[in-house]
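Novice: fold the following, please.
(chains A, B, C and D)
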There are 2 protein chains.
Amino acid sequence: MKMAEKETTIQDVADLAGLSKAAVSRYLNHKITLPPKTVERIEAAIQTLGFRRNLLAQRLSTGRSETIGLVVPEISNPFYAEMAEGAEDEAARAGYSLILGIGRNDVDREIEFLRWLDTHMVDGLLFASNRPDDGLLRDQMNRYRPVILLDEDIPGTAVTKIFCDNRQGAFEAVRHLTEHGHRHIAHVTGPAPLMSVGERLSGYRAALMEADIRFRDELVFHGFFSREFGQQAASLIQALPARPHAIFAASDYIAIGLLEGLRDAGIRVPQDLSIVGFDDISSADLVTPRLTTIRQDAEAMGRQGVLQLLATINDPGMAVRQTRIPVSLTVRDSVIVRA
Amino acid sequence: MKMAEKETTIQDVADLAGLSKAAVSRYLNHKITLPPKTVERIEAAIQTLGFRRNLLAQRLSTGRSETIGLVVPEISNPFYAEMAEGAEDEAARAGYSLILGIGRNDVDREIEFLRWLDTHMVDGLLFASNRPDDGLLRDQMNRYRPVILLDEDIPGTAVTKIFCDNRQGAFEAVRHLTEHGHRHIAHVTGPAPLMSVGERLSGYRAALMEADIRFRDELVFHGFFSREFGQQAASLIQALPARPHAIFAASDYIAIGLLEGLRDAGIRVPQDLSIVGFDDISSADLVTPRLTTIRQDAEAMGRQGVLQLLATINDPGMAVRQTRIPVSLTVRDSVIVRA
DNA sequence: TTGAAAGCGCTAACAA
DNA sequence: TTGTTAGCGCTTTCAA
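Specialist: Sure, this is the predicted structure:
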């Protein structure tokens, strides 16, 4: 039992307006059209009392928190920050608030966020993870709803998913390279088990095939989606018997690391070697040379996620589906025509 | 009235354990030490029923949402993203959830977030704004509590505030420049009304004075904390009768814009002109040359904010205070000794 | 220590 | 259209 100084309640408003609290409640929820005079009386009462409805009570009564959760691995990664930006705006527009969960690549934490659903902390969850899953997260996730997966798949989960068009993006990236005369094209990418990695690899192969270039396994380097791995990969690239004409990096972080590693090795980009990245994070046009990359619309992903999540909340029977957010090539300075 | 399929309630647990729900509630809240046998019975009941307490009910009952709000102008700005990262972690540690509000430099939105407090959507608010205020936000803010101001002041508000040590940071930045032989030092900064701008200007002047350099008003350029303004400022700098030896930029965004503008004008950094920035955003060591800058610990600011906010929530009578987060110079490549 | 019961402030079924 | 009233699932007072 609470014991703070009494705040004004809907009952006070009702009393002052000479109505029942049910009437006031209905008015507040737009469930009724009242005669103008009554509306005035209610509004006046609300004004004079400075009334604001207690959400805690409303939520218990309706069984809805009108809150959704957004789970991301980290928020200091601009990709997820943009996603959050889109999600927050769309949620606010719908009168929902957004609670932020940062997974930090920790399964236990991620599972903890899933639990938000059964304490009614949230009505639904937008979930982005970029860790290869060993099945633990999958099993838990299948017990909760509604959950919408963003950006990266958790294989074996039966939920609505929103990804970018990885294959098409990779295809365009590599075609951009082949169109500029590059034929010896390496691919530096993330952990092999990730769906995005597989799809981008597939787009890479398709573009090679289109240009009649043989796919060579030894030109594909798997690691992490990080700057550090990009730097390491620069060494691996140099160790190759023949220096590639170009590199398709599966993330801008990798591309930026590559840029640094290659510079340290005295290899000039794009004069000696062209690079295309993936994501178009905000730093992509800050580095030298400015990075040509595949733009992912993370904000749109966040928005779409909220929209579809709200739809599922309002109609729990809704069928699960999969959406692809289109990507586009952003041409900057890291690719030139091969002499 | 809710009509979903009944979920298991604390009453079900109590029934199964052969106790009253009061006892179970007390046990759950660690308000009692029960005989081991009783504990076992309760735990067993919870297990078999898969019970999880309904937070909505708990919140109404206690009158607390156990949620805090974090309001930032934008989250895609890495500075605020880091702040959010620190805040989320510290909040989670205390069992609080964090709801995100993005102000987008819109007073109405910001005031809307303040209202979260009187609907009990949150128990307290962490507030970061970087807009010069005309008094509107100030007046509203003084009506709400608990609110903690982060990073930038809203003059005239009587709330707990956490800022970085702007003056000291600026002082160290400029001293770094004077120590490298630069004497003709421009200062490109944000809107004059902002506290941070005033404090950094004061640190700039102090460092000049220490080096026996006369302060000259025409070397100070006010604009926005943006890359665009940095680019414009590059032109203003060139239009100066004598090119300065160095520039102290009051934000990394400005510094990066400056870098671009100067490069376009054929002025080399640091050979022709040295630059020090402020903030140490993640892009600062991605640009060429890597930016020497004053590191602000946004994550610590977020953590401190949560800690002090929780303290205020738990003791509303607590006196308002002001904290400074220390800053430090991060030396990279944008400053060299003046020949 | 334990339980009965009264709220917390709303919403919504039902009746008028 | 409007009001009466019974919950929503907890916490906490109060009495046993």
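
Novice: just give the closest residue to A:S251, not the sequence neighbours.
Specialist: The spatial neighbour of A:S251 that comes closest, neighbours along the chain excluded (CB to CB, 6 or more residues apart in numbering or on different chains), is A:F225 at 4.4 Å. The C-beta positions use only the backbone N, C-alpha and C, and glycine is treated the same way.

Novice: check contacts around that neighbour.
Specialist: The contact partners of A:F225, by CB atoms under 8 Å, 6 or more residues apart in numbering or on different chains, come to A:130, A:190, A:250-251, A:253-254.

Novice: equivalent analysis for A:R104, please.
Specialist: So A:R104 contacts A:73-74 (CB under 8 Å, 6+ apart).

Novice: list the residues that contact the residue in the stretch 151-300 of chain A that DNA strand C sits nearest to.
Specialist: Residue of the stretch 151-300 of chain A nearest DNA strand C, by CB to the nearest atom of the strand: A:T160 (25.2 Å). By CB under 8 Å, 6+ apart, the contact list for A:T160 reads A:146, A:148-149, A:308-309, A:312, A:320-323.

Novice: would you map the helices across chain A?
Specialist: Listed in chain order, the helices of chain A (DSSP state H) span A:10-17, A:21-28, A:36-49, A:55-62, A:78-93, A:107-114, A:136-141, A:166-179, A:195-210, A:227-238, A:252-264, A:298-314.

Novice: ok now the last one, how far from the chain's centre?
Specialist: Going back to what we said before, that points to helix A:298-314. When C-alpha coordinates are averaged (CA atoms, centre = their mean, to the nearest Å), helix A:298-314 and its chain have centres 10 Å apart.

Novice: how about that helix, which residues are buried there?
Specialist: A:298-310, A:312-313 (16 or more other CB atoms under 10 Å in any protein chain shown).

Novice: ditto for stretch A:282-296
Specialist: Buried, per 16+ other CB under 10 Å, within stretch A:282-296: A:282-289, A:291-296.

Novice: just the CA trace of that stretch, in CSV.
Specialist: Taking Å, rounded to 0.1, in the frame of the first residue of the first chain, the C-alpha atoms of stretch A:282-296 are listed here in CSV:
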residue,chain,number,x,y,z
SER,A,282,28.4,7.3,-40.1
SER,A,283,32.2,7.0,-40.0
ALA,A,284,32.3,5.7,-43.5
ASP,A,285,32.6,9.1,-45.1
LEU,A,286,35.0,10.3,-42.4
VAL,A,287,37.8,7.9,-43.2
THR,A,288,40.4,8.5,-45.9
PRO,A,289,39.6,7.5,-48.5
ARG,A,290,35.9,8.0,-48.0
LEU,A,291,34.5,4.5,-48.1
THR,A,292,32.3,3.2,-50.9
THR,A,293,29.9,0.9,-49.2
ILE,A,294,26.5,-0.7,-49.2
ARG,A,295,24.0,1.4,-47.3
GLN,A,296,21.8,-0.4,-44.9
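
Novice: ok, residues contacting that stretch?
Specialist: A:78-79, A:164, A:169-170, A:172-173, A:176, A:252, A:255-256, A:259, A:269-270, A:274-280, A:325, A:327-335, B:76, B:256, B:282-283, B:286-288.

Novice: buried only: go through these for me.
Specialist: A:78-79, A:164, A:169-170, A:172-173, A:176, A:252, A:255-256, A:259, A:269-270, A:274-280, A:325, A:327, A:329-330, A:332, A:334-335, B:76, B:256, B:282-283, B:286-288.

Novice: circling back to that earlier point, of the buried residues of stretch A:282-296, list those near DNA strand C.
Specialist: By CB under 7 Å from any atom of the strand, no member of the buried residues of stretch A:282-296 lies near DNA strand C.

Novice: closest one of those to B:D106?
Specialist: A:S282 (21.3 Å; CB to CB).

Novice: show me the contacts for the residue positioned nearest the centre of chain A.
Specialist: Centrality entry for chain A: nearest residue to the mean C-alpha point is A:M83, 4.5 Å, by CA atoms, centre = their mean. A:M83 sits next to A:70, A:72, A:128, A:150-151, A:298-299, A:301-302, A:305 when contact means CB under 8 Å, 6+ apart.

Novice: try 7 Å
Specialist: By CB atoms under 7 Å, 6 or more residues apart in numbering or on different chains, the contact list for A:M83 reads A:72, A:128, A:150, A:298-299, A:301-302.

Novice: gap between it and DNA strand C?
Specialist: 31 Å (CB to the nearest atom of the strand, to the nearest Å).

Novice: so how far is A:G95 from that residue?
Specialist: 20 Å (CB to CB, to the nearest Å).

Novice: next: A:I185.
Specialist: 49 Å.

Novice: which one of these two has more residues nearby?
Specialist: A:I185 (24 against 8; other CB atoms under 10 Å in any protein chain shown).

Novice: who's the spatially closest residue to that one that is not a sequence neighbour bridged to?
Specialist: In space, and not counting its chain neighbours, A:I185 is closest to A:A246: 4.9 Å by CB to CB, 6+ apart. Bridge pairing for A:A246 (DSSP bridges) gives the partners A:I185, A:S274.

Novice: same check, this time on A:F221
Specialist: The partner residues for A:F221, given DSSP bridges, come to A:V188.

Novice: does it touch A:A192 like I think?
Specialist: No: here A:F221 lies out of contact with A:A192, judged by CB atoms under 7 Å, at a distance of 10.6 Å.

Novice: between those two, who's got more neighbours?
Specialist: Neighbour tally, A:F221 and A:A192, criterion other CB under 10 Å: the higher count belongs to A:F221, 20 against 12.

Novice: enumerate every residue touching that one.
Specialist: A:186, A:188-189, A:233, A:236 are the contacts of A:F221 under CB under 7 Å, 6+ apart.

Novice: check the closest residue to A:T330 other than its chain neighbours and give its pLDDT.
Specialist: With CB to CB, 6+ apart as the criterion, A:T330 has its nearest non-adjacent residue at 4.7 Å, and that residue is A:R295. Residue-level confidence at A:R295 comes out at 98, pLDDT.

Novice: how much space between A:R295 and A:E74?
Specialist: For A:R295 relative to A:E74 (CB to CB), the value is 21 Å.

Novice: same question, A:P155
Specialist: 22 Å.

Novice: please say which of these two ends up with more neighbours.
Specialist: Between A:P155 and A:E74, A:E74 has the larger neighbour count (other CB under 10 Å), namely 17 against 11.

Novice: narrow the contacts of A:T160 to those that are buried.
Specialist: Buried among the contacts of A:T160 by 16+ other CB under 10 Å: A:146, A:148-149, A:308-309, A:312.

Novice: turn the residues you listed into JSON lines, including pLDDT and distance to chain B.
Specialist: Shown next, in JSON lines, are the buried ones among the contacts of A:T160 (pLDDT from 0 to 100; distance: CB to the nearest CB, whole Å):
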{"residue": "A:P146", "pLDDT": "97", "distance to chain B": "14"}
{"residue": "A:I148", "pLDDT": "98", "distance to chain B": "18"}
{"residue": "A:L149", "pLDDT": "98", "distance to chain B": "20"}
{"residue": "A:Q308", "pLDDT": "98", "distance to chain B": "20"}
{"residue": "A:L309", "pLDDT": "98", "distance to chain B": "16"}
{"residue": "A:T312", "pLDDT": "96", "distance to chain B": "15"}
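
Novice: dump the residues you listed into JSON lines; add distance to A:R26 as well.
Specialist: Listed next are these as JSON lines, based on distance: CB to CB, whole Å:
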{"residue": "A:P146", "distance to A:R26": "28"}
{"residue": "A:I148", "distance to A:R26": "32"}
{"residue": "A:L149", "distance to A:R26": "38"}
{"residue": "A:Q308", "distance to A:R26": "30"}
{"residue": "A:L309", "distance to A:R26": "28"}
{"residue": "A:T312", "distance to A:R26": "27"}
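
Novice: residue in the stretch 101-250 of chain A with the shortest distance to DNA strand C?
Specialist: A:H120 (13.2 Å).

Novice: so who does the closest residue to that residue other than its chain neighbours touch?
Specialist: What sits nearest to A:H120 in space, not counting adjacent residues and going by CB to CB, 6+ apart, is B:L56, at 4.9 Å. Counting by CB under 7 Å, 6+ apart, B:L56 touches A:59-60, A:65, A:120.
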